[in-house]
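Novice: Sequence and computational prediction follow.
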Amino acid sequence: MLGCTTAPRIRGSVLDVPSHDCDMIIIGAGPTGLYAAYYAGFRGFSVTVIDALPEPGGQITAMYPEKDIFDVAGFPAIKGRALVDGLVEQAGHFNPTYVLGEQAVGLSEDADGVTVETSAGTTIRGKAIVITSGIGSFKPRPIPIGDEWVDRGVVYFVPKLDAHAGKDVVIIGGGDSALDWAWALHPIAKSVTLVHRRDQFRAHASMVTKVRDAGVRLITSAEISDARGTDSITEIDVTMKADGSIETLEAQTVVAALGFIANIGPLAEWGLDLEKRRLLVDTAMRTNHPRVYAAGDITTYPGKVPLISVGFGEAATAVNNAAPLIDPTHGVFPGHSSGEAEG
């Protein structure tokens, strides 16, 4: 069965047949896709969710399950794993079908609906699609000391904080992920040092201040230049840009938070209007294909802000505007959910 290793966390069914019909197909099981699955179920539609990863959650599950997320309404902070679990449970009330570990590779359309084919040959027929695939597939940017240290002390993600407890940790990067991991690891690691090649950070200024005030050492205008160890890293060299001087740091973990190179994959061949690898949508979250909508980080439009909280609103907008295509008796406006609950 597809995705069987994670089926206990999934509220819904995991598809194990080569073809399937539904009302709405959602491509991408990240937070935006999971909320779209819930909202489509709330509107009374059957849903199939497709994702190339083996479990729901998208980038959050793959890379940041222990990170605090700060832009979700109603939560001052929530761990990535807890957010995904809540979204899966919420969508599960309407029993969506999941096709996991398979990439959506083909799209065909006719007057009555759309058909998606996956990399494993599974065929899904629906009346509308919402694409919520985020940045698509991604691979980490290369690190200065070479790939030979990957999994020998160098990691790109921190799915389990406890794995680095009591260690000297060096984090490379200056973005939100680098500072978030520094903040999360500082209480449990022996030491945390952050090395950034610039003077200025791309992360939120408030988090930079919190990390600095917590006692994390910040080395700026510097780069990691060498590493040593036998089976795994034990120390690294940091070269200062100003004068070329080198400082050696003890390190049993090096977190490479240098960002990722994204690729939207087969979506680029579907005839959808693109701008810088993002799908162009209108205010109804429509693409240039009449039954194909999109939401979340995969989309672009004037004034777009790539936040999880924005993606949730876009998902609801896409589902509601697709509703009349699925069932002409449905209007775009669903009514208020509080009234639905009272009924």
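Specialist: Perfect, I can see it now.

Novice: For residue 50, what is the enclosing helix or strand?
Specialist: Assigned by DSSP states H and E, residue 50 falls within strand 47-51.

Novice: what do you get for residue 247?
Specialist: strand 246-250.

Novice: next one: residue 62
Specialist: helix 58-63.

Novice: now that helix, how far from the centre of its chain.
Specialist: Here helix 58-63 is found 5 Å from its chain centre; the criterion is C-alpha atoms, centre = their mean, to the nearest Å.

Novice: Could you export it as CSV, CA atoms only?
Specialist: C-alpha atoms of helix 58-63 as CSV (Å, rounded to 0.1, in the frame of the first residue of the first chain):
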residue,chain,number,x,y,z
GLY,A,58,5.5,18.8,2.7
GLN,A,59,8.7,20.7,3.6
ILE,A,60,7.7,21.0,7.2
THR,A,61,7.6,17.3,7.8
ALA,A,62,10.7,16.7,5.6
MET,A,63,12.8,19.5,7.0
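
Novice: what's near enough to touch residue 179?
Specialist: Residue 179 is in contact with 194, 201, 203, 204, 207, 208, 211, counting by C-beta atoms under 8 Å, 6 or more residues apart in numbering. In short, each C-beta sits where N, CA and C put it, glycine included.

Novice: picking up where we left off before, now do the strand holding residue 247: which elements does it pack against?
Specialist: strand 168-172, strand 233-240 (3 or more C-beta pairs under 8 Å, 6 or more residues apart in numbering; DSSP states H and E).

Novice: and with 7 Å instead?
Specialist: strand 233-240 (3 or more C-beta pairs under 7 Å, 6 or more residues apart in numbering; DSSP states H and E).

Novice: Centroid-nearest residue for the chain?
Specialist: Centroid check for the chain by C-alpha atoms, centre = their mean gives residue 59 as the closest residue, at 2.7 Å.

Novice: What pairs with the next helix or strand after the strand holding residue 247, parallel or antiparallel?
Specialist: Per DSSP H and E, the first helix or strand lying C-terminal to strand 246-250 is strand 253-256. Here strand 253-256 has these sheet partners by DSSP bridges: strand 154-155 (parallel), strand 168-172 (parallel).

Novice: Give me the distance from strand 253-256 to the chain's centre.
Specialist: With C-alpha atoms, centre = their mean, you get 20 Å for strand 253-256.

Novice: just stretch 209-224 next, same as before
Specialist: Worked out by C-alpha atoms, centre = their mean, stretch 209-224 lies 26 Å from the chain centre.

Novice: Next, the buried residues of it.
Specialist: By neighbour count with 16 or more other C-beta atoms under 10 Å, stretch 209-224 contains the buried residues 211, 216, 218, 219, 222, 223, 224.

Novice: For that stretch, measure first residue to last.
Specialist: 23 Å (C-alpha to C-alpha, to the nearest Å).

Novice: Stretch 212-232 now?
Specialist: End-to-end span of stretch 212-232 (C-alpha to C-alpha): 28 Å.

Novice: Quick one: residues in contact with it.
Specialist: 144-145, 149, 152-153, 172, 182-183, 186, 192-199, 233-242, 246 (C-beta atoms under 7 Å, 6 or more residues apart in numbering).
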